[in-house]
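>>> got a structure for you, letters missing:
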């Protein structure tokens, strides 16, 4: 099929190459590109430049609450004089205040641990699903996707009632006598881990499942036939073959988890420190737009590598899907 | 009267110097990046001809068909249809229709709607469309299935819908891309004859792409054998089989025994070829081969006789040992290892239930053939 | 496949689904709690649903949410389908790498960044925050999801269908509307549904980009959740869950029926 590769040349095989219309020739063909392209430029790319620009300007008590950097109304010379005034003060401020540095590091660590936990929880589920009777699999798949269609906010909210000191979990554990004192889970990092694992589980299970499901079971049989015990067969055959799914799942969990706002806000309480919440507070409570822009730029820099890996994985998957 | 093969052909415009070509490829080249799919190819196809493009996958035959349909533009050269240059004419304005390998039936339309699709695009009046669709359904014997959708049909029925849809517009040329590739063997054989009948009945020009030589031999008036974007030979099935023009064609079509050697002696009618180990063969049909030339002598297995004793009066008889035997019911295939080590494949029809001269593994045996049983190849 | 579904596999799937569904089930159960305390069962009652329907602010927010969802999902579907077509059909055009980057990146972009950057854009061009900015923001982040869904369908689309249509005399535009669009329609519909759900659900981007008079339901729920867990919110959540679950289940039953019918047809066709 018309492989949507990023850079790879089309295959030399005549029939396959013939499938791809490489360049738009007609007017309508051009419109199909131009319209969404323009929209994305205006509502996706330009906003990032504005964020970057504002991150270089000074805070002001006004509306909007910053002095514009790079105002082109003053002509070339105006721009030059402004260039001198451009300040990296906001970035300097971010590096000097340990609060922000800690928030970045904590976010990455929390997201990393949560991603690992999600993988540990998700892999057996995906594996079990992929080995389920073929007639049952579509239903199981739907059941994994279904929570994704219900509100994220609601799913996070549901855990408050469970994890509170007087919540359902503690009631259960106290009444069965497993513990004598209520566990403090809500407003700790543990609650954030639970929230992320729970909310992002479908993102992990789906790519894992699709990698495991298309795996040919006769490979395992061949391995066992050649004298490989089941556990070894899993580590030598199944797991390596599911690695693309593992990578996709981990990225789909890790990247949004780093900048997560709702989960740390509702489950983590004020004691926990994550960058998404810091940005939100900086913006909504302190009304410091330049600093929150700088926070956003740095967050994006932290995420740029995983995002690029994710895009490559997407492009590769498409390539193979043709 | 003698003729190559067992069929006498009356329809042979390619032998008539006054016949007007219908489709002409003139020095056509098509490149995809660095890959040359079709290389400086020229070809002529006549009206009402059933023409087959035969070759392995990737030989450029499909690309040739797609250029004729208008899905690809030649990198250089031109294609003429009925005297008109097709360059720049988009596929939807060309008077040719194609039957796709995948059939490409529109899954959301019924059989009727599929067949009517092309007629509607033409703006044909509704009543005429209905009439034509009914006619087409009758032609492919699918009247009871008019209201069905493609997924409710068997493979063979889908194939007929695809066929009906592509001939509904009465195109000047019908292009068929591996038309029988998706059918099982038995259905394929039946359908071959149906396609031939249909072509006769409609009087259309058919250009079919196939990798199946049996299919091409059965159906086509002429076959173009392609390799690496070039045409190796264009000829009738009998010529391709009995008088291949090169080692490639001889090997590609059917089974063949190849004796490599030098022309030792040349007379008007015959040539004597000496193999590398000294074995001598006397052959007719030596064509242009001069004394001293490196040639190959190609001979089909069914034209070689195997016997336990040296046949009397045979010009060409070589001694060997039975190496392998395969009994196939209608015939038996022998592999005989000659004294120089070459293995010769011979086939004999089991015309009688009981053999007078049974052979078994490791028996001494003689292979023999008439001087005119094979051809001398220079390329 | 001749594998048996081992006990280990059954256990892991069962536990997994219990983990996924238990919190939601508990939330639903406690929406019918008589007591104001969410976690102590005080008897069955539907009073919270009654009070919910008297809460005008919530009803208004729901209405805003639905309108934004319908408009943004529809526009996003058109734009997303175009983007998917551009990416699958044209393998070479200027700026294609940037384009595909802009289509895929929002899938994993932290919402705080999307929200902040869009807000700053609206301020920079002097657009007052409200219903319009909210809708534009929703279009911009949901269209990428539509593009991905439609694209994955287009990748497996048999291009020979389009060639057949053109071969039979249909112009490229006629081919698109008579062949391509009907065939990929199911993917477009699921793209729309995904966009609509994402729009209904969004909190962070909405909080940044909406203004007075354009408060969405998630924003409303969020501000109340911060004040504490109440059965009334449980009731609101239950209604939302019920709507979505009904929709998804109906859709999958319809799909399943169609699939079963299709298989039956195919088997019948094979028998002749």
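Looks like it arrived, so ask away. Please read all numbers here as calculations on a predicted model, not as lab measurements.
>>> single out the residue in chain C that lies closest to chain A.
residue C:110 (2.3 Å; C-beta to the nearest C-beta). For the C-beta atoms, the positions are set from N, CA and C on the backbone; glycine is no exception.
>>> and that residue, its phi and psi?
phi -60, psi 140 (degrees, to the nearest 10).
>>> so who does it touch?
When contacts are counted by C-beta atoms under 8 Å, 6 or more residues apart in numbering or on different chains, residue C:110 touches A:255, A:256, A:258, A:259, A:260, A:261, A:276, A:299, A:303.
>>> does the second one lie in a helix or a strand, and which?
Assigning secondary structure by DSSP states H and E places residue A:256 in helix A:243-258.
>>> so is that helix next to chain C?
Yes: on the criterion C-beta under 8 Å from any C-beta of the partner chain, helix A:243-258 is in touch with chain C at A:251, A:252, A:255, A:256, A:258.
>>> and that helix, what does it pack onto?
helix A:98-130, helix A:189-213, helix A:289-321, helix C:96-108 (3 or more C-beta pairs under 8 Å, 6 or more residues apart in numbering or on different chains; DSSP states H and E).
>>> so what touches it?
A:107-108, A:110-112, A:114-115, A:118-119, A:122-123, A:126, A:196, A:200, A:203-212, A:275-276, A:299, A:302-303, A:306-307, A:309-310, A:313, A:316-317, C:108-111.
>>> of those, grab the buried ones for PyMOL.
In PyMOL, this line selects whichever of the contacts of helix A:243-258 come out buried by 16 or more other C-beta atoms under 10 Å in any protein chain shown:
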select buried, (chain A and resi 107+108+110+111+114+115+118+119+122+123+126+196+200+203+204+205+206+207+208+209+210+211+212+275+276+299+302+303+306+307+310+313) or (chain C and resi 108+109+110+111)
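>>> is the helix or strand where residue C:182 lies up against chain B anywhere?
Applying DSSP H and E as the criterion places residue C:182 in helix C:181-201. Yes: legend: contact between helix C:181-201 and chain B by C-beta under 8 Å from any C-beta is shown at C:182, C:183.
>>> so what's the residue count around the closest residue to residue B:303 other than its chain neighbours?
Spatial nearest neighbour of residue B:303, excluding adjacent residues (C-beta to C-beta, 6 or more residues apart in numbering or on different chains): residue B:373 at 4.0 Å. Counted by other C-beta atoms under 10 Å in any protein chain shown, the residues lying close to residue B:373 total 19.
>>> one more: the one 3 residues further on?
Look at residue B:376: counted by other C-beta under 10 Å, it has 22 neighbours.
>>> what's across from it in the sheet?
Taking DSSP bridges as the rule, residue B:376 bridges to residue B:297.
>>> that one against residue B:295, yeah?
Yes: counting by C-beta atoms under 8 Å, residue B:376 touches residue B:295, with 5.1 Å between them.
>>> okay, and the common contacts of those two?
B:263, B:273, B:286, B:289.
>>> show the subsequent helix or strand relative to the helix or strand the second one falls within.
When elements are defined using DSSP H and E, residue B:273 is found to belong to strand B:271-275. Stepping forward along the backbone from strand B:271-275, the first helix or strand reached (DSSP H and E) is strand B:280-283.
>>> list the strands paired with that following strand, with their directions.
strand B:271-275 (antiparallel).
>>> would you mark the buried spots in the strand it pairs with?
B:271, B:272, B:273, B:275.
>>> what lies in contact with that strand?
Taking C-beta under 8 Å, 6+ apart as the rule, strand B:271-275 contacts B:259-266, B:280-284, B:286, B:289, B:295, B:297, B:340, B:342, B:376.
>>> skipping its backbone neighbours, what lies nearest the residue of the stretch 101-250 of chain A found nearest chain B in space?
With C-beta to the nearest C-beta as the measure, residue A:138 is the residue of the stretch 101-250 of chain A nearest to chain B, at 18.6 Å. Leaving aside its chain neighbours, residue A:138 sits nearest to residue C:256 (7.3 Å; criterion: C-beta to C-beta, 6+ apart).
>>> just residue B:103 next, same as before
Nearest to residue B:103 is residue B:162, by C-beta to C-beta, 6+ apart, at 4.0 Å.
>>> who's in contact with the residue nearest the centre of chain B?
Centroid check for chain B by C-alpha atoms, centre = their mean gives residue B:216 as the closest residue, at 3.3 Å. By C-beta under 8 Å, 6+ apart, residue B:216 lies in contact with B:52, B:54, B:208, B:210, B:223, B:237.
>>> toward the C-terminus, what is the element adjacent to the strand or helix carrying residue C:221?
Assigned by DSSP H and E, residue C:221 falls within helix C:217-227. Note on helix C:217-227: by DSSP H and E, the next helix or strand toward the C-terminus is helix C:231-271.
>>> relative to helix C:217-227, how tilted is that next one?
Note on geometry: by axes from the mean of the first three to the mean of the last three C-alpha atoms, to 10 degrees, helix C:231-271 and helix C:217-227 are set 140 degrees apart in direction.
>>> show me what helix C:231-271 is packed against.
helix A:137-149, helix A:152-163, helix C:7-30, helix C:47-53, helix C:181-201, helix C:217-227.
>>> now do the fourth one: everything it contacts.
Helix C:47-53 is touched from outside by C:31, C:32, C:33, C:34, C:58, C:59, C:231, C:232, C:234, C:235, C:236, C:239, with contacts defined as C-beta under 8 Å, 6+ apart.
>>> so for that helix, mean pLDDT?
Taken as a whole, helix C:47-53 has an average pLDDT of 86.
>>> also the third one?
Confidence for helix C:7-30, expressed as mean pLDDT, is 89.
>>> how about that helix, does it get close to chain A?
Yes: against chain A, helix C:7-30 shows contacts by C-beta under 8 Å from any C-beta at C:8-13, C:16-17, C:19-21, C:23-24, C:26-27, C:30.
>>> for that helix, packing partners?
helix A:98-130, helix A:137-149, helix A:152-163, helix A:189-213, helix C:231-271.
>>> mind running it again at 7 Å?
helix A:98-130, helix A:137-149, helix A:152-163, helix C:231-271 (3 or more C-beta pairs under 7 Å, 6 or more residues apart in numbering or on different chains; DSSP states H and E).
>>> specify the beta-bridge partners of residue B:233.
Beta-bridge partners for residue B:233, by DSSP bridges, are residue B:225.
>>> gap between it and residue B:241?
11 Å (C-beta to C-beta, to the nearest Å).
>>> for the record, mean pLDDT for the helix holding residue A:256?
On average, helix A:243-258 scores 90.
>>> okay, the angle between it and helix A:189-213?
Going by the same axes, to 10 degrees, helix A:243-258 makes 150 degrees with helix A:189-213.
>>> and the next helix or strand past helix A:243-258?
Scanning onward from helix A:243-258 (DSSP H and E), the first element met is helix A:262-263.
>>> is that next one anywhere near chain C?
Yes: using C-beta under 7 Å from any C-beta of the partner chain, helix A:262-263 reaches chain C at residue A:262.
>>> hmm, who's touching the lengthiest helix in chain B?
Identified as the longest helix of chain B according to DSSP state H is helix B:185-202. Residues from elsewhere that reach helix B:185-202, judged by C-beta atoms under 7 Å, 6 or more residues apart in numbering or on different chains: B:50, B:156, B:159, B:167, B:179, B:180, B:183, B:206, B:215, B:218, B:219.
>>> contact partners for the closest residue in space to residue C:144 that isn't next to it in sequence?
Spatially, and ignoring its direct neighbours in sequence, residue C:144 is nearest to residue C:106 (4.3 Å; C-beta to C-beta, 6+ apart). Listed by C-beta under 7 Å, 6+ apart, the contact set of residue C:106 reads A:44, C:114, C:141, C:144.
>>> right, I'll leave it there.
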